[in-house]
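**Q** what follows is a predicted structure for the sequence shown.
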Amino acid sequence: MDHDQSSKPTCRLVRPNDHYDGKQGFSYIAGISAETVGAKGICMHLLTIPPGGRAKAHLHEAHETAIYTISGESHAWYGDKLEHHQIVRAGELFYIPAGVPHLPANLSDQPCVIVIARTDPNEQESVVLLPELDDLVLK
């Protein structure tokens, strides 16, 4: 039986040139995802949070998130009422379980560059905005 080679998974190079606007309020550099390479269980993107930039409060219903900070630093408020706070600096990693509300921001005057990896290849699919939490921090 002859197999169609075009349907066989293979390695793919992604040059991060394309951007997309996430529901969270940031513009992401498209990387590895279901949309770009047909990924089945992972999504990985680059994000530069500009000085003073902040996301909308949100959670990811169905997937975990791992963040690695390349440069700069970001602040993350998390928890049911965003009652917890963590500063994530260059060289540090931050884990966000599925279903945990969070709001990241860059309070510095330098860009913050991070790599974001998620366990859902369709990164925006399980994003749930939580506008009722938006005003709980950074008043």
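**A** Nice, thanks for sending it over. Numbers count the residues shown, from 1 in each chain.

**Q** residue ranges with poor pLDDT in the chain?
**A** Residue ranges of the chain with pLDDT under 70: 1-6, 25, 123-124, 138-139.

**Q** show me where it has strands.
**A** 19-21, 27-32, 43-49, 58-60, 65-71, 73-78, 84-89, 93-96, 102-105, 112-118, 127-129 (DSSP state E).

**Q** so who does the residue lying closest to residue 112 once chain neighbours are set aside touch?
**A** Among residues not flanking residue 112 along the chain, residue 72 sits closest, at 3.3 Å (CB to CB, 6 or more residues apart in numbering). Just so you know, the C-beta spots here come from the backbone N, C-alpha and C atoms, and that holds for glycine as well. Shown in contact with residue 72 (CB atoms under 8 Å, 6 or more residues apart in numbering): 49, 90, 106, 108, 110, 111, 112, 113.

**Q** same check on residue 82?
**A** By CB under 8 Å, 6+ apart, the contact set of residue 82 is 57, 101, 102, 103, 133, 136, 137.

**Q** can you do 10 Å?
**A** With contacts defined as CB atoms under 10 Å, 6 or more residues apart in numbering, the neighbours of residue 82 are 57, 76, 101, 102, 103, 130, 133, 134, 135, 136, 137, 138.

**Q** out of those, the closest to residue 86 would be?
**A** residue 76 (5.0 Å; CB to CB).

**Q** partner residues bridging the closest one?
**A** residue 86, residue 104 (DSSP bridges).

**Q** surely residue 97 is in contact with residue 64?
**A** Yes. Using CB atoms under 10 Å, residue 97 is in contact with residue 64, at 5.8 Å.

**Q** those two: which is more packed in?
**A** Ranked by neighbour count (other CB atoms under 10 Å), residue 97 and residue 64 place residue 64 first, with 15 against 12.

**Q** leaving out the residues flanking it, which one is nearest to that one?
**A** residue 119 (4.8 Å).

**Q** ok, residue 110 next?
**A** residue 72 (5.0 Å).

**Q** next, count neighbours for residue 126.
**A** By other CB under 10 Å, 16 other residues sit near residue 126.

**Q** residues touching it, list them.
**A** Residue 126 touches 59, 60, 61, 62, 63, 98, 99, 118, 119, 120, counting by CB under 10 Å, 6+ apart.

**Q** thanks a lot, see you next time.
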